[in-house]
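Q: Would you be able to build a 3D model of this:
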Amino acid sequence: MNIKQFEYKPLAHYSYTIISEGKMAVIDPERNPQQYYDLAKVNNVEIIAVIETHSHADFVSSHLEIFKKTGATIYNSEKLGAKYPHQSFDEGDSIEIGKVNLRCINTPGHSLDSITIVATKENETVLFTGDTLFIGDVGRPDLRGKAENVSAKRKELAEMMYETITNKFTDLPDDAIVYPAHGAGSLCGKNMSDAASSTLKDERMENWAFKKQSKEGFMDTILDGQPFIPHYFGYDVDLNKQGADDLKSAIDQIPFIEYSTAEGLIVDTRDEASFKKGHLKGSINIQAVSETAKFETWLGSIIKPDDTFSLVIDHQENKDDLLKRVAKIGYEKLLKQIITLSKENLVTSEKLDLQDFKNHPSNYTIVDVRNQSEVEEGKFFESAISHPLNNLLETAKEIPTNKPIVVHCAGGYRSAAGSSILEKKLDGVEIFDLSEDIEQFKN
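A: Numbering: from 1, shown residues only. Purely as a prediction, here's the structure:
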């Protein structure tokens, strides 16, 4: 089979194309569909199908935009509740892409509408498992209750996942290739491998979910220790059910102003050194300085979807790339403007006297902004108080202010954001970012 896997690293997202006999299907496409159009043009094929394995929580899909541009049919489970033109694709249904047969099996557990696509051609079998079966794990069942307002809450979905893993893959061959929608680093699971694919045989042997166990034991494992749920997840589920606006028209509407200022919520995407040298008072430093930085995740974890914000970038030539990154999670709808800064009316961040901190740590309030699961695995400072970054805007006022505050995470990226949030929320308090110097305190 002619299958291509596309990876978007900041969200650990995999999308796919299948080509056969001049036809193409796209599975779980990301927000920017240009790469699928380019592939179709190079291969001189027609995109005739877009398949959604479920309504995604962690990224915005381009299924509706592809439909409008190419006329391709959108396929998804009827349980998804789609508000866009589509063809239902549920157990017993199949479609043909040239000589490749794609049939659906309903595999609820991550969500009610989750499906797995079984692609066959002669003796080849490939499984596009969406967020049902990952490499080394299965999709978490606790993302949907609040977002969908349905009766199937986390325990019911966990039980569905048990039934799915126990029964739905039984008749499929060991040599079937497993292609998931996510890899390590995604918040849609907790113990995913960094491998991009596997075989069903290997998953049956090595994935904890396939081990012989009671339903209760399976449910306890899948429900325990899941990562936090970013603010934007429910928003993206609903947006994907409606279908997002075309990317270019959506981002073209956002004003760009050079050498400007802003009020309200301000997200500064520059590197932490530039931010600390001079930034608008009250701005939050969520860095987008590399192609792999988890900018989208933290933007959608810190900023709520009912907020609006301004975006600070370093140079005009980076504007389109940053706007596309914001749009990956649908937050262009919240964005008032994108600006670069003048050198006036900027404030600086104070630099920590590292030696004094080492000599007199009790003179500081130490704030750990790592996730709760990380803190439970071990603390760097016994006196540190835990305030996970995703909720820090809400919990900052609970932090004692009788001493200077030192913020740390595991590597420096999150502490840059965390210290900027505390600068915004705690007036008149000295706030320091331990940044990459945390490495000096690791055992």
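Q: Would you map the strands across the stretch 51-200 of the chain?
A: Along the stretch 51-200 of the chain, counting by DSSP state E, counting those that start in this stretch, strands occupy 73-76, 87-88, 94-97, 100-106, 115-121, 124-130, 177-180, 198-199.
Q: cool, the stretch 301-443 of the chain as well?
A: Going by DSSP E, counting those that start in this stretch, the stretch 301-443 of the chain shows strands at 309-312, 335-341, 365-368, 385-386, 405-408, 431-433.
Q: Give me the contacts around the fifth one.
A: Contacts to strand 405-408, defined as Cβ atoms under 8 Å, 6 or more residues apart in numbering, come from residues 352, 357, 364-369, 380-381, 384, 399, 415, 418-419, 422, 426, 429-434, 438, 441. C-beta coordinates here come from the backbone N, C-alpha and C atoms, glycine included.
Q: which residues does residue 298 contact?
A: Contacts of residue 298 (Cβ under 8 Å, 6+ apart): 286, 389, 414, 417.
Q: Confirm it sits in a helix?
A: Yes - counting by DSSP: H, G, I helix; E, B strand; the rest coil, residue 298 is part of a helix.
Q: what's the distance between it and residue 374?
A: 15 Å (Cβ to Cβ, to the nearest Å).
Q: Residue 401 now?
A: Residue 401 is 25 Å from residue 374, by Cβ to Cβ.
Q: Of the contacts of residue 298 - the most surrounded one?
A: residue 286 (30 neighbours; other Cβ atoms under 10 Å).
Q: That one contacts residue 265, correct?
A: No - assessed by Cβ atoms under 8 Å, residue 286 is found out of contact with residue 265, at 11.1 Å.
Q: Can you check the pLDDT for the closest residue to residue 392 other than its chain neighbours?
A: Leaving aside its chain neighbours, residue 392 sits nearest to residue 421 (4.9 Å; criterion: Cβ to Cβ, 6 or more residues apart in numbering). In this model, residue 421 is scored at 98, pLDDT.
Q: ok, now which ones touch residue 421?
A: Going by Cβ under 8 Å, 6+ apart, residue 421 touches 284, 302, 389, 392-393, 396.
Q: I'd like to know which of those are part of helices.
A: Secondary structure from DSSP state H places 302, 392-393 of those in helices.
Q: Below-threshold pLDDT in the stretch 151-300 of the chain: ranges please.
A: By pLDDT under 70, the low-scoring segments of the stretch 151-300 of the chain are 151-152.
Q: What is the burial count for residue 183?
A: Quick note: residue 183 (other Cβ under 10 Å) scores 22 neighbours.
Q: count of residues packed around the residue nearest to it when sequence neighbours are not counted?
A: In space, residue 183 comes closest to residue 12 once its chain neighbours are excluded; the distance is 4.8 Å by Cβ to Cβ, 6+ apart. Here the number of neighbours of residue 12 (other Cβ under 10 Å) works out to 24.
Q: Between its first and last residues, how far does stretch 205-218 reach?
A: 16 Å (Cα to Cα, to the nearest Å).
Q: I'd like to check what contacts it. Which residues are they?
A: 133, 135-138, 158-159, 161-162, 165, 191, 203-204, 221-222.
Q: let's see 10 Å
A: Stretch 205-218 is touched from outside by 109, 132-139, 158-159, 161-166, 169, 174, 178, 191, 193, 198-200, 202-204, 219-222, with contacts defined as Cβ atoms under 10 Å, 6 or more residues apart in numbering.
Q: Mind giving me the ChimeraX select for those, buried ones only?
A: Command for ChimeraX, covering only those of these found buried under the criterion 16 or more other Cβ atoms under 10 Å:
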select :109,132,133,134,135,136,137,138,139,158,159,161,162,164,165,169,178,193,198,199,200,202,203,204,219,221,222
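Q: Ends of stretch 20-30, what's the gap?
A: First-to-last residue span, stretch 20-30, Cα to Cα: 22 Å.
Q: Which positions in that stretch come out as buried?
A: 20, 23-30.
Q: so which of these comes closest to residue 47?
A: Within those, proximity to residue 47 (Cβ to Cβ) peaks at residue 24, which comes in at 4.7 Å.
Q: Assign that closest one to helix, strand or coil.
A: strand.
Q: distance of it from residue 243?
A: 20 Å.
Q: right, and the strands of the stretch 301-443 of the chain - which one's nearest residue 239?
A: Here strand 335-341 is closest among those (Cβ to Cβ), at 14.6 Å.
Q: Show me what the one helix or strand residue 275 maps to is packed up against.
A: Here residue 275, judged by DSSP states H and E, is contained in helix 272-277. Here helix 272-277 touches strand 284-285, helix 413-425, strand 431-433, going by 3 or more Cβ pairs under 10 Å, 6 or more residues apart in numbering; DSSP states H and E.
Q: Flag every buried residue along that helix.
A: 272, 274-276.
Q: In CSV, list the C-alpha atoms belonging to it.
A: Extracted C-alpha coordinates of helix 272-277, given in CSV (Å, rounded to 0.1, in the frame of the first residue of the first chain):
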residue,chain,number,x,y,z
GLU,A,272,13.2,34.0,27.3
ALA,A,273,16.5,36.0,27.2
SER,A,274,14.8,38.6,24.9
PHE,A,275,11.7,38.6,27.0
LYS,A,276,13.6,39.2,30.2
LYS,A,277,15.6,42.1,28.6
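Q: Between residue 286 and residue 265, which contacts overlap?
A: Counting by Cβ under 10 Å, 6+ apart, the residues touching both residue 286 and residue 265 are 302-303, 311.
Q: Considering those residues, which possesses the most neighbours?
A: residue 311 (29 neighbours).
Q: who does it bridge with?
A: Beta-bridge partners recorded for residue 311 (DSSP bridges): residue 267, residue 338.
Q: give me every residue that touches it.
A: 254, 256, 262, 265-269, 283, 286, 288, 299, 319, 322-323, 325-326, 331-332, 334-339.
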